[in-house]
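Participant: the sequence and its predicted three-dimensional model are supplied below.
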Amino acid sequence: MEDIKILNEARANLRESMIDLKARSMRDNLIFSGIWEEKNEDTEAVLQEFIHRKFKHYYEISFERVHRVGKWNEFNEYPRNIVAKFSFFKDREFIRTRAPQKLSGTHVWVNEQYPTEIEEKRKKLYPVMRQARKDKKKVKLVRDILYIDGEVYIPNSLDQI
């Protein structure tokens with residue numbers, strides 16, 4: 001019985017390490033949603049032009065990779081998301097921090113990329129975060145940890161997260 005407990009702990013530690021490695025490999029990425037697409041487009045050129053137009057950013061940002069997520073389908077109602085891996089973290093932060101004000105009123109969003117496991121935890125925290133903001137509390141979501149007025153939010157049940 002003790003062996004099973006040790007194996008389960010080791011498995012949980014490996015899983016957490018894997019999630020952490022995934023998150024670190026995605027930390028230079030941003031996801032752009034809502035940028036219209038055409039078949040056989042040069043996605044990097046589309047993104048460069050979009051950044052130039054919306055952010056008034058006149059030098060070319062260096063990317064390691066830029067691609068759309070999923071398969072092309074001419075009948076899609078919405079454009080596929082663009083994942084961009086920035087070569088320089090300062091460029092990524094320039095876009096991420098200015099996106100809310102520059103893209104306000106448009107149908108384009110910019111978000112950080114996280115592994116699926118972290119995204120699932122974040123989705124459960126969003127309603128709590130919105131309610132805390134309505135209650136005029138200071139809220140900050142860092143990766144998959146929610147801080148409300150400087151305190152770590154701990155749900156009532158561990159099953160919630």
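Facilitator: Sure thing, it's come through. Residues are numbered from 1 along each chain as shown.
Participant: now the longest helix anywhere in the chain, how far from the centre of its chain.
Facilitator: Scanning the chain for the longest helix, with DSSP state H as the assignment, gives helix 2-26. A distance of 22 Å separates the centroid of the chain from that of helix 2-26, by Cα atoms, centre = their mean, to the nearest Å.
Participant: beyond that helix, next helix or strand please.
Facilitator: strand 29-33 (DSSP states H and E).
Participant: related to what we said a few turns ago, who are the packing partners of the longest helix of the chain?
Facilitator: Counting contacts by 3 or more Cβ pairs under 8 Å, 6 or more residues apart in numbering; DSSP states H and E, helix 2-26 packs against helix 116-134. In short, each C-beta sits where N, CA and C put it, glycine included.
Participant: same question for the following helix or strand past the helix it packs on, mean pLDDT?
Facilitator: Using DSSP H and E, the next helix or strand after helix 116-134 towards the C-terminus is strand 139-142. Averaging pLDDT along strand 139-142 yields 92.
Participant: buried set for the longest helix of the chain?
Facilitator: By neighbour count with 16 or more other Cβ atoms under 10 Å, helix 2-26 contains the buried residues 19, 23, 26.
Participant: what's it in contact with?
Facilitator: Identification of contacts with helix 2-26 by Cβ atoms under 8 Å, 6 or more residues apart in numbering yields 112-115, 117-118, 143.
Participant: repeat that with 10 Å
Facilitator: Helix 2-26 is touched from outside by 83, 85, 112-118, 121, 143-144, with contacts defined as Cβ atoms under 10 Å, 6 or more residues apart in numbering.
Participant: mind giving me the domain ranges of the protein?
Facilitator: Annotated domains of the chain cover 2-113, 115-161 [automatic domain parsing].
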